[in-house]
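1. With the input below, show me the fold.
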Amino acid sequence: MSATTSAPEAAPVAEVDNSLGAAFREYTGRVRGGELGALPAVLGLVSLIIIFTALKGNIFFSTFNFANLITQSSTYIVLAMGLVFVLLLGEIDLSAGFAAGTAGAVLGVTLTLHGWPVWASLLATMVTGVLIGLFIGVVVARLGIPSFVVTLAMFLALQGLMLIIIGEGGTIGISDSFIIAIMNGNMIPAVGWALYLLTTVAYVGTTFLALARRRKAGLVTQPMSVWAVKSAALAVLLGVATYFLNQERSRNPQLTSIKGIPYVVIVLLVLLVGLTFLLQRTGFGRHVYAVGGNAEAARRAGISVANIRIVCFMFCSALAAVAGILFASKDNSISPSTGGSTTLLYAVGAAVIGGTSLFGGRGKIRDAILGGLVVAVIQNGLPLITDKSGIQYIVTGLVLLVAASVDALSRKRAQASGRA
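-> Here you go, the predicted model:
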């Protein structure tokens, strides 16, 4: 008599809770574990807007000032985008501000003094930024000199180079209509609404397709309800911003009408999408995070750590060159002080305040936008409350210190909870 055996019953598959409540509990768990992400920057930005609106709402929360905040923050945002690349490696670039000024000086000299076509001047400007970054990257990665020392030396050297290019005490005017329009021109309202629709549909479509692909592959995904809430929130936020920017903000509309989304928004949008794709969806981006997280482990995995460092410094200085173009457009000129003063400090502050870690391995391009807006709101709102520049510097410094402290504490928390 043969014994019969039955196949073991399959274990019941646990159902996954895809409700908003479960997603919120999972998110709060990550926050308690030290994964704060952009939360401090968002809370800080909202708090500052509420405070300044309550104190000086008639001036601060006006359509004119709303557009001014975008143009005021754009140079810091672009510089901060470049700094994100080196901060992800745990490095620093103290020369980014004067790299922007030097590239802007090349733009002014070639365009105004030598009469080059605008495309050739822009190309020379970008090449200048790339070469500066290449030099810094090679010295840091190949010679092993700390980036703090190398970029501090370049901080001084580039000031001298600007004086040589421009001349002691000189200022080069920019009169090209294309360059000036980047920071001072606006789209017509119809084009602004078309850009809003294109941006919203692109975000909703790409995120939905990515979500569907992950589900089809059996990977862990966020609940559809969370995706729907994010998409709706973005659509409302961008819609409100577009509406306000399309309102008349000229003090004398009979003479000059000023309305529409500033052209510089297109520059920021292209950089945000392109650089985010580069860091989040390519092998290069994964290598950057790997090197920033653990350079020795990345080297053993076959990643060329030196080359990654060089390319990141090149990106940083290339984006500084873009900021130099924005400086030239905003001021209609380039001077030896362009990119100096507090420019670098505010750019670094924007990246750190937005959520990029000073210790490397953590950060996103969107951090530069959030942090840049926080810095611009502080710069814009404090003078409405007090005319004492000392208080303005102190408050900005304290905000940066708080952001760095939150970064350090969250990192310790993440290590203690095993999430780092």
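2. The helix or strand containing residue 102 - contacts with which helices or strands?
-> Assigned by DSSP states H and E, residue 102 belongs to helix 96-108. Judged by 3 or more CB pairs under 8 Å, 6 or more residues apart in numbering; DSSP states H and E, the packing partners of helix 96-108 are helix 63-87, helix 118-143, helix 147-166, strand 172-173, helix 305-331, strand 333-334, helix 343-354. Just so you know, the C-beta spots here come from the backbone N, C-alpha and C atoms, and that holds for glycine as well.
3. Just name whatever secondary elements the second one is in contact with.
-> Applying 3+ CB pairs under 8 Å, 6+ apart, we find helix 118-143 packed against helix 96-108, helix 147-166, helix 305-331.
4. roughly how far is the helix or strand where residue 380 lies from the heart of the chain?
-> Element membership of residue 380 [criterion: DSSP H and E] is helix 365-385. In terms of CA atoms, centre = their mean, to the nearest Å, the centre of helix 365-385 is found 12 Å from the chain centre.
5. tell me which residues in it are buried?
-> Residues 365-382 are the ones in helix 365-385 that count as buried (16 or more other CB atoms under 10 Å).
6. rewinding a little: in PDB, list the C-alpha atoms belonging to the helix holding residue 102.
-> Provided in PDB are the C-alpha atoms of helix 96-108 (Å, rounded to 0.1, in the frame of the first residue of the first chain):
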ATOM      1  CA  ALA A  96      30.900  78.900  -8.100                       C
ATOM      2  CA  GLY A  97      29.900  82.500  -7.700                       C
ATOM      3  CA  PHE A  98      32.900  84.000  -9.400                       C
ATOM      4  CA  ALA A  99      32.800  81.200 -12.000                       C
ATOM      5  CA  ALA A 100      29.400  82.700 -12.900                       C
ATOM      6  CA  GLY A 101      31.000  86.200 -13.000                       C
ATOM      7  CA  THR A 102      33.900  85.100 -15.100                       C
ATOM      8  CA  ALA A 103      31.600  83.400 -17.600                       C
ATOM      9  CA  GLY A 104      29.400  86.500 -17.600                       C
ATOM     10  CA  ALA A 105      32.500  88.600 -18.300                       C
ATOM     11  CA  VAL A 106      33.300  86.400 -21.300                       C
ATOM     12  CA  LEU A 107      29.700  87.000 -22.500                       C
ATOM     13  CA  GLY A 108      30.000  90.700 -22.100                       C
END
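7. what is the orientation angle of it with helix 63-87?
-> Angle, helix 96-108 to helix 63-87, by axes from the mean of the first three to the mean of the last three CA atoms, to 10 degrees: 110 degrees.
8. pLDDT of helix 96-108, averaged?
-> Confidence for helix 96-108, expressed as mean pLDDT, is 94.
9. Off-centre distance for that helix?
-> 19 Å.
10. Would you convert the helices and strands packed on helix 118-143 into CSV that also reports mean neighbour count?
-> Output for the helices and strands packed on helix 118-143, formatted as CSV (neighbours: other CB atoms under 10 Å):
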stretch, mean neighbour count
helix 96-108, 31
helix 147-166, 18
helix 305-331, 25
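11. Can you lay out those helices as a markdown table showing distance to residue 270?
-> Below are those laid out as a markdown table (distance: least, CB to CB, whole Å):
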| stretch | distance to residue 270 |
| --- | --- |
| helix 96-108 | 18 |
| helix 147-166 | 26 |
| helix 305-331 | 10 |
